[in-house]
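> test case, fold it:
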Amino acid sequence: MPPDNISPDIWFPNLRIYFESVPRVAFNVFGVAIYWYAIFIVVGIAAAYGLGLLYAHRTGQKKEDYTDLLLLGVPMAFVGLRAYYLVFNWDLYRGQPFFRTVFDIRGGGLAIYGGIIGAILAGVIMARIKKIPFTRFADTCAPSLLLGQIIGRFGNFFNREAFGGYTDSLFAMRIRLDQALGGVTQELRDNAVHANGVTYLQVHPTFLYEAFFNLLLMIALMLYRPRKKFDGEIILMYLLGYGVIRFFVENLRTDQLMFFDTGWPISQFVSVLFALFSLVMIVVCRMRARGRL
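Numbers count the residues shown, from 1 in each chain. The predicted structure is shown next:
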(Lines give C-alpha, C1' and ligand atoms only; values in the text may rest on other atoms or scores of the structure.)
Protein backbone atom coordinates (compact mmCIF):
# COMPACT_ATOMS: atom_id res chain seq x y z
CA MET A 1 0.00 0.00 0.00
CA PRO A 2 1.31 3.51 -0.75
CA PRO A 3 2.18 5.80 2.18
CA ASP A 4 -0.48 8.30 3.21
CA ASN A 5 1.44 11.16 1.61
CA ILE A 6 1.71 9.50 -1.81
CA SER A 7 -0.97 9.49 -4.52
CA PRO A 8 0.32 7.02 -7.14
CA ASP A 9 -0.62 7.31 -10.80
CA ILE A 10 -1.44 3.59 -11.03
CA TRP A 11 -2.24 1.29 -8.17
CA PHE A 12 -3.08 -2.42 -7.79
CA PRO A 13 -4.59 -2.33 -4.29
CA ASN A 14 -5.27 -6.05 -3.83
CA LEU A 15 -1.78 -6.97 -5.01
CA ARG A 16 -0.29 -4.17 -2.88
CA ILE A 17 1.65 -2.80 -5.86
CA TYR A 18 1.71 0.85 -6.87
CA PHE A 19 3.53 3.07 -9.34
CA GLU A 20 4.00 6.58 -8.05
CA SER A 21 4.77 8.14 -11.43
CA VAL A 22 3.87 6.65 -14.82
CA PRO A 23 4.62 9.30 -17.47
CA ARG A 24 2.99 9.12 -20.87
CA VAL A 25 5.84 11.02 -22.51
CA ALA A 26 9.26 9.39 -22.55
CA PHE A 27 11.23 12.37 -23.91
CA ASN A 28 11.05 15.24 -26.38
CA VAL A 29 12.84 15.65 -29.69
CA PHE A 30 12.98 19.23 -30.95
CA GLY A 31 9.85 20.00 -29.00
CA VAL A 32 7.94 16.91 -30.23
CA ALA A 33 6.79 14.59 -27.46
CA ILE A 34 7.74 10.94 -27.92
CA TYR A 35 5.22 8.79 -26.07
CA TRP A 36 5.93 5.51 -24.33
CA TYR A 37 3.05 4.07 -26.35
CA ALA A 38 4.96 4.71 -29.58
CA ILE A 39 8.15 3.28 -28.10
CA PHE A 40 6.43 0.05 -27.11
CA ILE A 41 4.99 -0.28 -30.62
CA VAL A 42 8.44 0.16 -32.17
CA VAL A 43 10.01 -2.27 -29.72
CA GLY A 44 7.21 -4.75 -30.42
CA ILE A 45 7.83 -4.52 -34.17
CA ALA A 46 11.58 -5.00 -33.69
CA ALA A 47 11.07 -7.98 -31.37
CA ALA A 48 8.58 -9.58 -33.76
CA TYR A 49 11.02 -9.14 -36.63
CA GLY A 50 13.84 -10.69 -34.60
CA LEU A 51 11.73 -13.69 -33.60
CA GLY A 52 10.69 -14.24 -37.20
CA LEU A 53 14.30 -14.06 -38.42
CA LEU A 54 15.37 -16.57 -35.79
CA TYR A 55 12.85 -19.14 -36.97
CA ALA A 56 13.57 -18.39 -40.64
CA HIS A 57 17.28 -19.07 -40.01
CA ARG A 58 16.53 -22.33 -38.20
CA THR A 59 14.36 -23.57 -41.07
CA GLY A 60 16.69 -22.52 -43.88
CA GLN A 61 14.59 -19.65 -45.20
CA LYS A 62 16.04 -16.45 -46.67
CA LYS A 63 16.27 -13.69 -44.09
CA GLU A 64 15.95 -11.00 -46.75
CA ASP A 65 12.46 -12.27 -47.59
CA TYR A 66 11.36 -11.35 -44.07
CA THR A 67 13.13 -8.01 -44.22
CA ASP A 68 11.16 -7.21 -47.37
CA LEU A 69 8.00 -8.44 -45.68
CA LEU A 70 8.70 -6.10 -42.75
CA LEU A 71 9.18 -3.11 -45.08
CA LEU A 72 5.80 -3.78 -46.69
CA GLY A 73 3.98 -5.18 -43.68
CA VAL A 74 4.58 -2.34 -41.23
CA PRO A 75 3.04 0.45 -43.37
CA MET A 76 0.17 -1.81 -44.45
CA ALA A 77 -0.49 -2.78 -40.84
CA PHE A 78 -0.61 0.89 -39.80
CA VAL A 79 -2.99 1.68 -42.66
CA GLY A 80 -5.18 -1.16 -41.46
CA LEU A 81 -4.94 -0.06 -37.83
CA ARG A 82 -6.16 3.43 -38.68
CA ALA A 83 -8.68 2.56 -41.39
CA TYR A 84 -10.43 -0.04 -39.22
CA TYR A 85 -10.77 2.49 -36.39
CA LEU A 86 -12.05 5.23 -38.68
CA VAL A 87 -14.66 3.05 -40.38
CA PHE A 88 -16.28 2.05 -37.09
CA ASN A 89 -15.81 5.41 -35.36
CA TRP A 90 -16.59 7.75 -38.23
CA ASP A 91 -18.99 9.96 -36.31
CA LEU A 92 -16.06 11.38 -34.32
CA TYR A 93 -14.31 12.53 -37.49
CA ARG A 94 -17.17 13.50 -39.79
CA GLY A 95 -16.55 16.94 -41.29
CA GLN A 96 -12.93 17.20 -40.11
CA PRO A 97 -10.04 17.91 -42.52
CA PHE A 98 -8.81 14.83 -44.40
CA PHE A 99 -5.21 15.10 -43.22
CA ARG A 100 -6.18 15.34 -39.58
CA THR A 101 -8.67 12.49 -39.90
CA VAL A 102 -6.22 10.08 -41.51
CA PHE A 103 -2.88 10.93 -39.95
CA ASP A 104 -3.52 12.42 -36.52
CA ILE A 105 -2.98 9.32 -34.38
CA ARG A 106 -1.15 10.96 -31.50
CA GLY A 107 -4.39 11.13 -29.57
CA GLY A 108 -5.20 7.48 -30.23
CA GLY A 109 -7.33 5.84 -32.86
CA LEU A 110 -5.74 2.49 -33.78
CA ALA A 111 -7.52 -0.88 -33.80
CA ILE A 112 -5.54 -4.12 -33.62
CA TYR A 113 -7.74 -6.19 -35.94
CA GLY A 114 -7.13 -3.68 -38.72
CA GLY A 115 -3.41 -4.14 -38.20
CA ILE A 116 -3.71 -7.93 -38.34
CA ILE A 117 -5.70 -7.74 -41.58
CA GLY A 118 -3.15 -5.32 -43.07
CA ALA A 119 -0.25 -7.57 -42.07
CA ILE A 120 -1.92 -10.65 -43.59
CA LEU A 121 -2.58 -8.79 -46.86
CA ALA A 122 1.08 -7.76 -46.93
CA GLY A 123 2.03 -11.41 -46.51
CA VAL A 124 -0.20 -12.41 -49.43
CA ILE A 125 1.30 -9.71 -51.67
CA MET A 126 4.89 -10.51 -50.72
CA ALA A 127 4.31 -14.24 -51.20
CA ARG A 128 3.20 -13.57 -54.78
CA ILE A 129 6.15 -11.28 -55.43
CA LYS A 130 8.65 -13.77 -54.00
CA LYS A 131 6.82 -16.79 -55.43
CA ILE A 132 6.80 -18.33 -51.95
CA PRO A 133 3.78 -20.13 -50.46
CA PHE A 134 1.85 -17.70 -48.27
CA THR A 135 1.50 -20.40 -45.64
CA ARG A 136 5.29 -20.44 -45.16
CA PHE A 137 5.32 -16.72 -44.39
CA ALA A 138 2.22 -17.02 -42.23
CA ASP A 139 3.36 -19.95 -40.08
CA THR A 140 6.74 -18.30 -39.52
CA CYS A 141 5.23 -14.95 -38.55
CA ALA A 142 2.21 -15.98 -36.44
CA PRO A 143 4.08 -16.20 -33.09
CA SER A 144 5.91 -12.99 -34.04
CA LEU A 145 2.61 -11.17 -34.45
CA LEU A 146 1.66 -12.23 -30.94
CA LEU A 147 4.99 -11.05 -29.52
CA GLY A 148 4.46 -7.64 -31.09
CA GLN A 149 0.93 -7.48 -29.67
CA ILE A 150 2.13 -8.48 -26.18
CA ILE A 151 4.76 -5.75 -26.05
CA GLY A 152 2.48 -3.16 -27.64
CA ARG A 153 -0.19 -3.71 -24.97
CA PHE A 154 2.12 -2.26 -22.33
CA GLY A 155 1.78 1.04 -24.14
CA ASN A 156 -1.87 0.95 -23.02
CA PHE A 157 -0.61 0.74 -19.43
CA PHE A 158 1.34 3.99 -19.81
CA ASN A 159 -1.60 5.62 -21.61
CA ARG A 160 -4.20 4.48 -19.02
CA GLU A 161 -6.49 3.21 -21.77
CA ALA A 162 -8.13 0.02 -23.07
CA PHE A 163 -9.31 -0.86 -19.57
CA GLY A 164 -12.46 -2.62 -18.42
CA GLY A 165 -15.32 -1.95 -16.07
CA TYR A 166 -15.35 -1.89 -12.29
CA THR A 167 -13.93 -4.83 -10.38
CA ASP A 168 -12.63 -5.62 -6.92
CA SER A 169 -10.85 -8.79 -8.05
CA LEU A 170 -7.27 -9.67 -7.19
CA PHE A 171 -5.99 -7.86 -10.28
CA ALA A 172 -8.10 -4.72 -9.90
CA MET A 173 -6.22 -1.62 -11.05
CA ARG A 174 -6.77 1.95 -9.92
CA ILE A 175 -6.01 4.84 -12.26
CA ARG A 176 -6.47 8.52 -11.62
CA LEU A 177 -9.71 9.83 -13.10
CA ASP A 178 -7.94 12.91 -14.43
CA GLN A 179 -5.48 10.71 -16.36
CA ALA A 180 -7.85 8.11 -17.82
CA LEU A 181 -8.18 8.06 -21.61
CA GLY A 182 -11.67 7.14 -22.84
CA GLY A 183 -14.09 4.50 -21.67
CA VAL A 184 -15.05 6.19 -18.39
CA THR A 185 -18.54 4.85 -17.73
CA GLN A 186 -21.08 5.91 -15.15
CA GLU A 187 -20.50 2.61 -13.34
CA LEU A 188 -16.83 3.48 -12.94
CA ARG A 189 -17.70 6.96 -11.66
CA ASP A 190 -20.22 5.51 -9.20
CA ASN A 191 -17.57 3.16 -7.80
CA ALA A 192 -14.74 5.68 -7.81
CA VAL A 193 -12.29 5.54 -4.90
CA HIS A 194 -11.06 8.69 -3.15
CA ALA A 195 -7.62 8.61 -1.55
CA ASN A 196 -5.34 11.46 -0.48
CA GLY A 197 -7.49 13.97 -2.32
CA VAL A 198 -7.34 12.03 -5.61
CA THR A 199 -10.22 10.29 -7.38
CA TYR A 200 -9.39 6.84 -8.77
CA LEU A 201 -11.25 4.56 -11.15
CA GLN A 202 -10.97 0.89 -10.18
CA VAL A 203 -10.93 -1.16 -13.37
CA HIS A 204 -10.14 -4.46 -15.05
CA PRO A 205 -6.64 -4.10 -16.60
CA THR A 206 -7.88 -5.76 -19.77
CA PHE A 207 -4.73 -4.91 -21.72
CA LEU A 208 -2.73 -6.97 -19.22
CA TYR A 209 -5.22 -9.84 -19.43
CA GLU A 210 -4.82 -9.87 -23.20
CA ALA A 211 -1.03 -9.68 -23.01
CA PHE A 212 -0.91 -12.62 -20.58
CA PHE A 213 -3.15 -14.91 -22.64
CA ASN A 214 -1.36 -13.88 -25.84
CA LEU A 215 1.89 -14.97 -24.18
CA LEU A 216 0.42 -18.39 -23.41
CA LEU A 217 -0.84 -18.69 -27.00
CA MET A 218 2.53 -17.64 -28.42
CA ILE A 219 4.35 -20.28 -26.36
CA ALA A 220 1.82 -22.93 -27.40
CA LEU A 221 2.23 -22.10 -31.10
CA MET A 222 6.01 -22.15 -30.89
CA LEU A 223 5.99 -25.53 -29.15
CA TYR A 224 3.48 -26.99 -31.61
CA ARG A 225 4.96 -25.53 -34.81
CA PRO A 226 7.51 -28.36 -35.41
CA ARG A 227 4.61 -30.85 -35.16
CA LYS A 228 2.11 -29.07 -37.39
CA LYS A 229 -0.03 -31.31 -39.59
CA PHE A 230 -0.16 -29.03 -42.66
CA ASP A 231 1.23 -25.74 -43.92
CA GLY A 232 -0.91 -22.87 -42.69
CA GLU A 233 -1.99 -24.59 -39.50
CA ILE A 234 -0.07 -22.20 -37.25
CA ILE A 235 -1.61 -19.04 -38.68
CA LEU A 236 -5.05 -20.64 -38.44
CA MET A 237 -4.40 -21.59 -34.80
CA TYR A 238 -3.28 -18.01 -34.17
CA LEU A 239 -6.51 -16.61 -35.62
CA LEU A 240 -8.56 -19.14 -33.68
CA GLY A 241 -6.74 -18.61 -30.38
CA TYR A 242 -6.60 -14.83 -30.60
CA GLY A 243 -10.24 -14.72 -31.68
CA VAL A 244 -11.26 -16.56 -28.52
CA ILE A 245 -9.02 -14.41 -26.31
CA ARG A 246 -10.21 -11.13 -27.77
CA PHE A 247 -13.88 -12.15 -27.67
CA PHE A 248 -13.80 -12.55 -23.88
CA VAL A 249 -11.47 -9.63 -23.19
CA GLU A 250 -13.57 -7.32 -25.34
CA ASN A 251 -16.62 -8.17 -23.24
CA LEU A 252 -14.93 -6.47 -20.27
CA ARG A 253 -13.74 -3.33 -22.03
CA THR A 254 -15.51 0.00 -21.77
CA ASP A 255 -14.16 1.59 -24.98
CA GLN A 256 -15.70 -0.79 -27.50
CA LEU A 257 -16.13 0.09 -31.17
CA MET A 258 -19.62 -0.96 -32.22
CA PHE A 259 -20.59 -2.77 -35.40
CA PHE A 260 -22.51 0.18 -36.82
CA ASP A 261 -25.96 0.34 -35.15
CA THR A 262 -26.17 -3.28 -34.01
CA GLY A 263 -24.96 -2.65 -30.46
CA TRP A 264 -22.50 -5.53 -30.91
CA PRO A 265 -18.78 -4.72 -30.45
CA ILE A 266 -17.07 -5.04 -33.83
CA SER A 267 -14.06 -6.80 -32.27
CA GLN A 268 -16.32 -9.55 -30.95
CA PHE A 269 -17.97 -9.87 -34.35
CA VAL A 270 -14.59 -10.19 -36.10
CA SER A 271 -13.35 -12.56 -33.39
CA VAL A 272 -16.26 -14.91 -34.04
CA LEU A 273 -15.66 -14.79 -37.81
CA PHE A 274 -11.93 -15.46 -37.46
CA ALA A 275 -12.40 -18.23 -34.90
CA LEU A 276 -15.14 -20.05 -36.85
CA PHE A 277 -13.30 -19.74 -40.17
CA SER A 278 -10.06 -20.99 -38.63
CA LEU A 279 -11.72 -23.88 -36.82
CA VAL A 280 -13.46 -25.08 -40.00
CA MET A 281 -10.26 -24.76 -42.03
CA ILE A 282 -8.21 -26.66 -39.44
CA VAL A 283 -10.69 -29.53 -39.45
CA VAL A 284 -10.91 -29.64 -43.26
CA CYS A 285 -7.14 -29.40 -43.80
CA ARG A 286 -6.38 -32.07 -41.20
CA MET A 287 -8.85 -34.39 -42.88
CA ARG A 288 -7.20 -33.72 -46.21
CA ALA A 289 -3.76 -34.38 -44.72
CA ARG A 290 -5.04 -37.75 -43.53
CA GLY A 291 -6.53 -38.54 -46.91
CA ARG A 292 -10.12 -38.43 -45.70
CA LEU A 293 -11.20 -35.75 -48.16
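> residues contacting the residue lying closest to R225 once chain neighbours are set aside?
With C-beta to C-beta, 6 or more residues apart in numbering as the criterion, R225 has its nearest non-adjacent residue at 5.4 Å, and that residue is I234. Bear in mind the C-beta positions are built from the backbone N, C-alpha and C, glycine included. Applying C-beta atoms under 8 Å, 6 or more residues apart in numbering to I234 gives the contacts A138, D139, A142, P143, L221, Y224, R225, K228.
> going by residue numbers, what spans are strands in the stretch 1-150 of the chain?
10-12, 17-19, 25-29, 32-35 (DSSP state E, counting those that start in this stretch).
> what packs against the longest one?
Same thing as strand 25-29. Identification of packing neighbours for strand 25-29 by 3 or more C-beta pairs under 8 Å, 6 or more residues apart in numbering; DSSP states H and E yields strand 32-35, helix 36-58.
> for the chain, name the helix or strand with the lowest mean pLDDT.
Scoring the helices and strands of the chain by mean pLDDT, DSSP states H and E places helix 98-103 at the bottom, with a mean of 55.
> poorly predicted segments of the protein, please.
1-4, 90-109, 293 (pLDDT under 70).
> please, where are all the helices along it?
Here the chain has its helices, by DSSP state H, at 36-58, 63-87, 98-103, 112-130, 134-159, 186-190, 206-224, 233-250, 266-289.
> what comes up buried for the last one?
When you say that, I think you mean helix 266-289. 266-271, 274-275, 278-279, 281-282, 285 (16 or more other C-beta atoms under 10 Å).
> likewise stretch 223-232?
R225, K228, F230, G232.
> what sits closest to the second one if chain neighbours are left out?
Going back to what we said before, that points to K228. In this structure, K228 finds its nearest non-sequential neighbour in I234, 5.8 Å apart by C-beta to C-beta, 6+ apart.
> before we move on, what about A211?
Nearest to A211 is R153, by C-beta to C-beta, 6+ apart, at 4.2 Å.
> looks like the one you found contacts F207 (just checking).
Yes: counting by C-beta atoms under 8 Å, R153 does reach F207; the two are 4.5 Å apart.
> overlap in contacts, those two.
A162.
> now render the helices and strands packed on strand 25-29 as a markdown table, adding distance to I116.
Below are those laid out as a markdown table (distance: least, C-beta to C-beta, whole Å):
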| stretch | distance to I116 |
| --- | --- |
| strand 32-35 | 22 |
| helix 36-58 | 12 |
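> these: which one's closest to G115?
helix 36-58 (9.9 Å; C-beta to C-beta).
> could you check the angle that closest one makes with strand 25-29?
90 degrees (axes from the mean of the first three to the mean of the last three C-alpha atoms, to 10 degrees).
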